[in-house]
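**Student:** Below are the sequence and a predicted model for it; my questions follow.
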Amino acid sequence: MTELLWETAVLIDALQARPMGDLPEGVTGISIDTRSLESGEAFFAIRGERFDGHDFLSTAQRAGAGIAVVAEQKLPALGRVQIPMLVVDDVLKALSRLAEAARARSKAKIVAVTGSVGKTTTKEALRHGLAAVGSVHASAASFNNHWGVPLSLARLPAETSYAVFEIGMNHPGEIRPLVKLVRPDVAIVTLIAPAHLGHFRDLDEIAEAKAEIFEGVVPGGTAILNADDPKCGLLADYARKTGVANIVTFGEGAGADFRLIAYEATREGAKVDAEIAGEPLRFSLATPGRHMAQNVLAVLGACHRIGADVEKVASALAGWRAVKGRGARHSLSLPGGGKVTLVDDSYNANPASMRAALEVLSRAEPGKGARRIAVLGDMLELGTSSGELHAALKEHVLAAKTDLVFLAGEEMKALDAALAGSLVCRWHESSDQLLADLESTMGDGDVVLVKASKSIGFSRLVETLLSRHEDETGADRPSAERGPAMAEKTSGEAK
């Protein structure tokens with residue numbers, strides 16, 4: 001029998017719910033999406049911007065939901081739905097109350113991650129590495145917003161050793177309530193960069209919004225900051241003001257507590273020499289990129305602070321690979337023979353992550369006579385600086401020894417103009433046009449980098465390439481679960 005995640009009596013108390021129907025002893029999981037709902041789970045009928053979970057209760061019943069959590073005001077419209085129910089004032093608020101209960105009962109060491117770039121990569125590296133030393137629970141996909149964080153916390157099993165949560169934001173004030181639910185032992189800020197700059201006056205305001213994560217750190221907890229980030233000092237000031245007891249850093253600078261000493265790219269990934277709290281450590285990574293190695297320093301720093309075996313975690317990371325949309329590599333077969341290496345970094349983009357991805361491309365080794373191809377789409381929410389920031393990518397494209405550039409999106413016209421006369425650059429009206437041009441151009445041994453902001457839709461371009469060409473890597477596909485009720489489209493990617 002599948003172990004219960006929550007007993008029904010505990011659920012009722014935590015949710016402040018009114019029970020209806022023949023309730024089971026408990027539930028095996030928590031779901032907000034009928035497509036991924038499994039038998040015996042509780043379905044929370046959250047109302048999103050486009051869909052209302054109450055409209056999918058019949059689907060939840062057919063999928064075998066043990067309990068539905070519904071809003072009192074929706075009861076008159078639920079008709080003949082026979083699923084046992086827990087009736088609450090507001091479903092999302094009730095989910096947050098369950099998240100509080102999950103945190104209160106947990107004895108896990110908890111790490112929270114935020115930053116403009118690298119949150120999900122750092123979270124996934126923590127998930128993978130900590131699994132070598134204990135049981136781990138972590139946010140699914142990029143569940144880092146107002147419903148994703150409570151959902152991830154509500155799913156935390158009582159006996160887990162370690163838990164990792166990603167926390168994002170689009171606007172000031174969004175991290176504060178989420179981190180007060182999570183109450184981490186360690187809070188990591190990966191980097192402050194001009195993501196969502198259209199919603200902020202400058203990088204200092206972005207840093208201030210990210211610094212809200214320190215407000216939830218437990219007494220005696222730790223803030224881990226990027227020593228190479230120009231905003232490190234500002235973040236440290238915020239951490240001290242909120243009473244964080246311990247402030248440590250990672251990076252390449254001489255004063256970093258978790259320091260990158262040497263980085264060597266290899267065919268298999270990279271070899272890294274580091275110093276962790278004064279102790280030398282050498283380890284290998286299957287995922288290339290200097291920025292990946294720096295993120296791993298934050299991971300090892302967090303493990304050191306929570307008392308996990310750093311050497312075992314570092315050894316485990318030799319088998320960790322970047323996830324879909326964040327640097328995952330695929331080997332594609334061409335119809336006429338030959339192979340192409342596809343680097344899928346299509347999930348998001350801002351100037352800092354673009355530079356990091358292009359640096360990875362620069363270290364790639366195309367086949368003899370083959371090319372480095374950059375497929376780039378708009379970086380969104382950069383405000384009035386958008387044109388300037390897109391054009392400024394020119395130096396990084398050239399430094400990456402790029403042979404051919406494919407562009408799509410209105411904002412990328414600025415880069416197209418900047419690159420004129422420097423190398424072959426093709427701007428396209430749509431990603432479909434770009435895809436057709438790319439497929440007719442790719443040749444044996446080419447290395448193709450795909451990167452853009454999420455809503456540009458380059459992830460579909462990648463999926464099309466994978467569906468049409470043999471994918472020999474066996475890379476993981478994403479979970480079907482996306483948001484409230486069904487394929488809920490959120491207002492923007494939380495960063």
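**Tutor:** Yes, it's here.

**Student:** measure the residue nearest in space to the middle of the chain to Gly457 for me?
**Tutor:** Nearest to the geometric centre of the chain sits Thr120, at 2.7 Å (C-alpha atoms, centre = their mean). Thr120 sits 19 Å away from Gly457, going by C-beta to C-beta, to the nearest Å. Where C-beta positions appear, they are placed from N, C-alpha and C, glycine not excepted.

**Student:** Show me where the stretch 1-150 of the chain has its strands.
**Tutor:** 6-7, 18-20, 26-27, 30-31, 42-44, 67-71, 85-88, 109-114, 136-138 (DSSP state E, counting those that start in this stretch).

**Student:** got a list of what the residue in the chain sticking out farthest from the centre touches?
**Tutor:** Here the centre of the chain is the reference, and by C-alpha atoms, centre = their mean the most remote residue is Arg80, at 39.2 Å. By C-beta atoms under 8 Å, 6 or more residues apart in numbering, no residues touch Arg80.

**Student:** if you set the cut-off to 10 Å instead, what comes out?
**Tutor:** Contacts for Arg80 (C-beta atoms under 10 Å, 6 or more residues apart in numbering) come out as Ser58, Gln61.

**Student:** mind checking the end-to-end distance for stretch 315-322?
**Tutor:** End-to-end distance for stretch 315-322, by C-alpha to C-alpha, to the nearest Å: 16 Å.

**Student:** What's the per-residue pLDDT of the closest residue to Glu252 other than its chain neighbours here?
**Tutor:** Leaving aside its chain neighbours, Glu252 sits nearest to Leu260 (4.8 Å; criterion: C-beta to C-beta, 6 or more residues apart in numbering). Looking at Leu260, its pLDDT stands at 97.

**Student:** Next up, phi/psi of Leu260, please.
**Tutor:** Main-chain dihedrals, Leu260, degrees, to the nearest 10: phi -80, psi 120.

**Student:** burial of it, as a residue count?
**Tutor:** Leu260 has 21 neighbouring residues, counting by other C-beta atoms under 10 Å.

**Student:** Ser284 versus that one, what's the distance?
**Tutor:** Taken as C-beta to C-beta, the span from Leu260 to Ser284 is 14 Å.

**Student:** Ala370 now?
**Tutor:** 26 Å.

**Student:** between these two, which one's more packed in?
**Tutor:** Set Ala370 next to Ser284 and count neighbours by other C-beta under 10 Å: Ala370 wins out with 19 against 16.

**Student:** unless I'm mixing things up, Lys93 is touching Pro150, no?
**Tutor:** Yes - between Lys93 and Pro150 a contact is recorded at 9.2 Å, counting by C-beta atoms under 10 Å.

**Student:** the strands in the stretch 351-495 of the chain, which residues?
**Tutor:** Using DSSP E, counting those that start in this stretch, the strands of the stretch 351-495 of the chain run over 372-377, 404-408, 424-428, 447-451.

**Student:** closest one to Leu300 among those strands?
**Tutor:** strand 447-451 (26.6 Å; C-beta to C-beta).

**Student:** List the strands paired with that closest one, with their directions.
**Tutor:** Sheet pairing for strand 447-451, assigned by DSSP bridges, gives strand 339-345 (parallel), strand 372-377 (parallel).

**Student:** quick check: mean pLDDT across that strand?
**Tutor:** Taken as a whole, strand 447-451 carries a mean pLDDT of 96.

**Student:** How about stretch 153-166?
**Tutor:** 97.

**Student:** Same question for stretch 14-31.
**Tutor:** Rounded mean pLDDT across stretch 14-31 is 97.

**Student:** hmm, back to that, comparing the strands paired with strand 447-451, which comes out most buried?
**Tutor:** strand 372-377 (a mean of 27; mean count of other C-beta atoms under 10 Å).

**Student:** For Ala374, give me its contacts.
**Tutor:** Taking C-beta under 10 Å, 6+ apart, we find Ala374 in contact with 343, 354, 357-358, 361, 393, 396-397, 400, 402-407, 415, 423, 425, 447-451.

**Student:** What count of nearby residues applies to Ser362?
**Tutor:** Counted with other C-beta under 10 Å, Ser362 comes out at 17.

**Student:** Please name the spatially closest residue to it (chain neighbours excluded).
**Tutor:** Ala400 (3.9 Å).

**Student:** isn't that neighbour right up against Pro366?
**Tutor:** No - using C-beta under 10 Å, Ala400 is not in contact with Pro366; the gap is 11.9 Å.

**Student:** for the stretch 351-495 of the chain, which spans come out with low pLDDT?
**Tutor:** Flagging of the stretch 351-495 of the chain using pLDDT under 70 yields the residue ranges 470-495.

**Student:** As a check, name the ranges of all helices in it.
**Tutor:** Taking DSSP state H, counting those that start in this stretch to define them, one finds helices in the stretch 351-495 of the chain at 351-363, 386-391, 394-399, 413-419, 431-441, 458-468.

**Student:** For stretch 63-76, measure first residue to last.
**Tutor:** Taking C-alpha to C-alpha, stretch 63-76 runs 23 Å from one end to the other.

**Student:** What residues sit buried inside it?
**Tutor:** For stretch 63-76, burial by neighbour count (16 or more other C-beta atoms under 10 Å) applies to Ala63, Ala65, Gly66, Ile67, Ala68, Val69, Val70, Ala71, Lys74.

**Student:** helix or strand for Ala274, which one?
**Tutor:** Assigned by DSSP states H and E, Ala274 belongs to strand 269-276.

**Student:** Tell me which other helices or strands the helix or strand following that strand touches.
**Tutor:** Downstream of strand 269-276, the next assigned helix or strand under DSSP H and E is strand 279-285. Applying 3 or more C-beta pairs under 10 Å, 6 or more residues apart in numbering; DSSP states H and E, one finds that strand 279-285 contacts strand 258-266, strand 269-276, helix 290-305, helix 310-316.

**Student:** now the angle between strand 269-276 and strand 279-285, please.
**Tutor:** Counting by axes from the mean of the first three to the mean of the last three C-alpha atoms, to 10 degrees, strand 279-285 lies at 160 degrees to strand 269-276.

**Student:** Name the strands paired with the helix or strand Leu225 falls within and say parallel or antiparallel.
**Tutor:** With elements taken from DSSP H and E, the one containing Leu225 is strand 222-226. Strand pairing for strand 222-226, determined by DSSP bridges: strand 186-189 (parallel), strand 246-251 (parallel).

**Student:** what's the most buried one of those strands?
**Tutor:** Among those, the stretch with the highest mean neighbour count (mean count of other C-beta under 10 Å) is strand 186-189, at a mean of 30.

**Student:** what's in contact with the next helix or strand after that strand?
**Tutor:** Following strand 186-189 in sequence order, the next helix or strand is helix 203-210 (DSSP H and E). If you take C-beta under 10 Å, 6+ apart as the criterion, helix 203-210 is touched by 114-116, 167-176, 187, 189-197, 199-200, 229-235, 237-238, 495.

**Student:** And the spatially closest residue to Gly53 that is not a sequence neighbour, how far from Phe406?
**Tutor:** Once flanking residues are discounted, Gly53 sits nearest to Ala45: 3.3 Å by C-beta to C-beta, 6+ apart. Counting by C-beta to C-beta, the gap from Ala45 to Phe406 is 43 Å.
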